[in-house]
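Enquirer: Any chance you could fold what I've pasted below:
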Amino acid sequence: MAERPNLVLAMRPDILDLVLPAPLRTRLDALAAVHPALVTDTTTPAARAALADADVLLTGWGAPAVDSAVLALAPRLGAVIHAAGTVKGHVGPEVWQRGIAVSSAADANAGPVVDFTMATVVLAARRALGTAAEYTDGQLLGYRDRRGADGAVVGVIGASRIGRGVIARLLAAPSDFRVLLADPYVSAAQATALGAELVDLDGLCATSDIVTVHAPDLPETHHLLDARRLALMRDGASVINTARGRLVDTAALTRECAAGRLDAYLDVTDPEPLPRGHRLHSLRNVLLTPHIAGCQGTEVQRLGAYAVDEVERWTHGEALLGAVLADDLARIA
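Expert: Numbering: from 1, shown residues only. As a prediction, the model looks like this:
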């Protein structure tokens with residue numbers, strides 16, 4: 001668009017400077033007329049005044065939902081650019097119905113998740129949790145009894161942007177991983193092009209040394225790894241979940257880990273956070289982290305940089321790299 005657009009920021013105040021540190025804010029101010037009011041509650045007079053002239057809404061964690069009520073307050077709105085991952089639960093279908101462009105910085109958030117997953121894959125391949133527990137107990141395995149990563153079978157559930165990133169990193173690693181993929185939306189030819197072997201989910205569970213979850217949280221993926229599928233996994237295998245906790249049956253996984261049959265590396269759980277005193281907290285073959293696989297700390301500015309780039313593309317009439325379409329909602333995270 002030719003005119004300098006009016007832009008409204010909507011996110012939690014405590015993350016604003018992390019998402020948009022001074023250099024990024026300077027870039028944003030050069031691209032758009034940024035309203036001084038930070039919108040966290042669309043019912044306030046200040047928020048209503050800001051939305052009345054808004055061409056672009058740049059949102060982040062803690063932003064109010066963009067629904068029909070908000071759209072009624074923002075007659076000029078042309079784009080919602082989300083400086084975070086998923087827009088589910090944040091952007092309503094009426095936004096697309098009105099022809100408003102929607103973008104997400106999920107691509108920027110994917111890199112750290114891929115890094116985190118690869119780190120846990122290597123730990124899992126070496127049975128690091130069990131070895132660490134034995135070492136604490138005074139046991140030191142000889143070299144013949146130690147487990148390395150070379151040739152490990154890694155089963156990837158879901159060819160999402162993160163799943164595809166993990167596959168690419170696995171294939172680039174020197175460990176000669178065998179990579180399996182289970183995804184109902186991917187053909188055998190597409191899996192081969194990615195460098196993976198397409199299998200059904202049961203076959204993936206039964207064959208893999210490490211199962212890593214990268215599917216979206218949908219009704220049909222609830223407890224995708226249930227008691228039956230976890231029972232198919234080999235003794236000593238590992239489950240990695242950096243997707244959503246509801247994809248794994250927590251009670252069934254707890255039983256398998258408590259029995260010492262499976263190891264688990266869980267950045268997400270169901271429920272989340274996991275209550276204090278839950279059995280998983282005390283198991284030495286389980287690593288629990290509090291949803292830290294995505295952008296953290298100084299990495300959060302990657303989301304802001306991506307969003308500012310999208311604002312620039314939109315103002316120049318260019319295609320949005322992080323565009324989210326209405327048809328995507330049914331199968332994205």
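
Enquirer: where along this structure do the strands fall?
Expert: 6-10, 33-38, 56-59, 79-82, 101-104, 153-157, 178-182, 197-198, 210-213, 238-241, 263-266, 286-288 (DSSP state E).

Enquirer: To R279, which of the ones you listed lies closest?
Expert: Nearest to R279, of all the strands of the chain, is strand 286-288, at 9.0 Å by Cβ to Cβ. In this view, the C-beta of every residue, glycine as well, is placed from N, C-alpha and C.

Enquirer: so what strands line up beside the closest one?
Expert: Taking DSSP bridges as the criterion, strand 286-288 sits next to strand 263-266 (parallel) in its sheet.

Enquirer: Okay, buried residues for the partner strand please.
Expert: Neighbour-count burial for strand 263-266, with 16 or more other Cβ atoms under 10 Å as criterion, is recorded at D263, A264, Y265, L266.

Enquirer: Can you report how many residues neighbour the closest residue to T192 other than its chain neighbours?
Expert: Counting by Cβ to Cβ, 6 or more residues apart in numbering, the nearest residue to T192 once its immediate chain neighbours are dropped is L198, at 7.6 Å. Number of residues near L198 (other Cβ atoms under 10 Å) recorded here: 19.

Enquirer: Quick check: L198 vs V213, distance?
Expert: Spatial separation of L198 from V213 under the definition Cβ to Cβ, to the nearest Å is 17 Å.

Enquirer: same deal with L232?
Expert: The gap separating L232 from V213 is 15 Å, by Cβ to Cβ.

Enquirer: Looking at these two, which one has more neighbours?
Expert: More neighbours surround V213 than the other of L232 and V213, with 25 against 17 (other Cβ under 10 Å).

Enquirer: can you pull up the bridge partners for the more buried one?
Expert: According to DSSP bridges, the residues that bridge with V213 are I157, N241.

Enquirer: Where does pLDDT dip in the chain?
Expert: 1-2 (pLDDT under 70).

Enquirer: Disregarding residues adjacent in the polypeptide, which is nearest to the residue positioned nearest the centre of it?
Expert: A centroid search over the chain (Cα atoms, centre = their mean) returns A243, at 5.7 Å, as the residue closest to the centre. Counting by Cβ to Cβ, 6+ apart, the nearest residue to A243 once its immediate chain neighbours are dropped is V213, at 4.7 Å.

Enquirer: quick one: the helices in the stretch 1-150 of the chain?
Expert: Applying DSSP state H, counting those that start in this stretch to the stretch 1-150 of the chain gives helices spanning 13-19, 22-31, 45-52, 68-73, 93-97, 106-125, 128-136.

Enquirer: quick one, what contacts R255?
Expert: Contact partners of R255, counting by Cβ atoms under 8 Å, 6 or more residues apart in numbering, are A227.

Enquirer: make that D263, sorry
Expert: Under the criterion of Cβ under 8 Å, 6+ apart, the contact partners of D263 comprise A124, R127, L129, G130, G236, A237, S238, V239, C257, N285, V286.

Enquirer: Tell me the spacing between it and T120.
Expert: Computed as Cβ to Cβ, the D263 to T120 distance reads 10 Å.

Enquirer: before we move on, what about P271?
Expert: Going from P271 to T120 by Cβ to Cβ gives 21 Å.

Enquirer: who's more crowded, the two?
Expert: Using other Cβ under 10 Å as the criterion, P271 and T120 rank with T120 on top: 24 against 10.

Enquirer: Go ahead and confirm the more buried one touches I240.
Expert: Yes. Counting by Cβ atoms under 8 Å, a contact exists between T120 and I240, whose distance comes to 5.0 Å.

Enquirer: who touches both of those two?
Expert: Contact criterion Cβ under 8 Å, 6+ apart; residues bridging T120 and I240 by contacting each: T212, Y265.

Enquirer: okay, the strands of the chain in CSV with distance to G294 next?
Expert: CSV is the format used below for those (distance: least, Cβ to Cβ, whole Å):
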stretch, distance to G294
strand 6-10, 20
strand 33-38, 23
strand 56-59, 16
strand 79-82, 14
strand 101-104, 13
strand 153-157, 18
strand 178-182, 22
strand 197-198, 27
strand 210-213, 15
strand 238-241, 13
strand 263-266, 15
strand 286-288, 16
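
Enquirer: who's in contact with T269?
Expert: Under the criterion of Cβ under 8 Å, 6+ apart, the contact partners of T269 comprise N241, G245, T250, L280, L288.

Enquirer: Just among those, which is most surrounded?
Expert: For the contacts of T269, neighbours were counted using other Cβ under 10 Å, and N241 has the most, 26 neighbours in all.

Enquirer: Now do the contacts for the nearest residue in space to A46 that is not next to it in sequence.
Expert: Closest residue to A46 in three dimensions, ignoring its sequence neighbours and counting by Cβ to Cβ, 6+ apart: A37, at 4.4 Å. Listed by Cβ under 8 Å, 6+ apart, the contact set of A37 reads V8, A46, A47, A49, A50.

Enquirer: With that, I have no additional questions.
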